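> sequence and predicted structure are below.
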Amino acid sequence: MRSRSWVPLVGIMVVLLAACAISVPAQEAANPGVLRIATTTSLYDTGLLDALEMMYENTSGVDVQITAQGTGQSLDTARRGDVDLVLVHSPTQEQQFIDEGYGINERCFAYNNFLIVGPEADPAGIKNMQIWAAAGYNYTDDIQDSGPWYVETGSGMGETLTIANQKNAYTLSDIGTYLAFKKQLNLVTLVTEGDQLLNRYSAIAVNPEKAPGVNIDEANKFIDWITSNETKEFIGNFGVEEYGQPLFVPLYPPECTQPPFNCTTCSGPGNVTTTGNVTTGNATA
């Protein structure tokens, strides 16, 4: 992949992603018939998690309860012991969660790409350019709260796309959520390339030694299930009929352990080591 530098978007509103939550209350003791999952809004907004929830409940007989948040909030929810499992997509935050002793049995299961989308006329001239760090900007010091051109929505990806569309603004979105909302938007894809835009999804169980009351047995069973070849095949086909391409690409060994994915593992029970069809090519819409 090629990396390029960006230019400042003076006078143009960039809408970035935060989080919205649908909360599930904590439990003092593990309920073997309930699995509580905190997940990113992209898995939720695309409809993939609804489909996986139904499949797993029909297979296991377990009541799956979903909390849809940003990755940071999902991990904080897990630290409090309010969920048994997280499905997240921020490797740096994930590693911190694991290093603190809260996360165990981490496995990757899929990826897609982030996109920069915005008005078709592209008044800032950013098409095919890259993101802040590559351009030599410090996001916190130079970009965040730097003027009325920049807004944080405090919302998930789907709602952020809707707000950006209303304001004729630029925003960052994963390709899955963009495709799911595309018919409602006037925004077009402008930047699709670069390792910085890779979006890897991981499943991590919450350590019951740090958060008593976690249903670790069911969390581990779910992780085995979502990383099985059968479930990955379903994930790889999700969205193809409606959008003409998958919203997520399943990860297989050994590629998942190598750059740019760098997973600990992505293998489930009974998985055969295979080269699969994983690529690191550019996301398009």
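Yep, that arrived.

> next secondary structure element downstream of the helix or strand that contains Ile163?
Using DSSP states H and E, Ile163 falls within helix 157-167. Counting by DSSP H and E, the next helix or strand C-terminal to helix 157-167 is strand 170-174.

> restrict that next one to CA atoms and write it as PDB.
The C-alpha trace of strand 170-174 is given here as PDB (Å, rounded to 0.1, in the frame of the first residue of the first chain):
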ATOM      1  CA  TYR A 170     -16.000  15.200   5.600                       C
ATOM      2  CA  THR A 171     -15.700  12.300   8.000                       C
ATOM      3  CA  LEU A 172     -14.000   9.000   8.700                       C
ATOM      4  CA  SER A 173     -16.100   5.800   8.500                       C
ATOM      5  CA  ASP A 174     -15.500   2.100   8.100                       C
END
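
> which elements pack onto the following helix or strand past it?
Following strand 170-174 in sequence order, the next helix or strand is helix 175-181 (DSSP H and E). Secondary-structure packing of helix 175-181 (3 or more Cβ pairs under 8 Å, 6 or more residues apart in numbering; DSSP states H and E): helix 41-45, strand 103-118, helix 157-167. In short, each C-beta sits where N, CA and C put it, glycine included.

> so what touches the following helix or strand past the shortest one?
Next along the chain after helix 41-45, taking DSSP H and E as the criterion, comes helix 48-60. Contacting residues not belonging to helix 48-60 are listed as 35, 39, 43-44, 62-64, 66, 68, 87, 176, 218, 221-222, 225-226, 231, 234-235, 238-239, 247-248 [Cβ atoms under 8 Å, 6 or more residues apart in numbering].

> buried among these? Need that as a selection in PyMOL.
Under the burial definition 16 or more other Cβ atoms under 10 Å, those of those that qualify are selected in PyMOL by:
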select buried, resi 35+39+43+44+62+64+66+68+87+176+218+221+222+225+226+231+234+235+238+239+247+248
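
> next step: the contacts of helix 48-60 restricted to strands.
Of the positions in those, 35, 39, 63-64, 66, 68, 87 sit in strands, assigned by DSSP state E.
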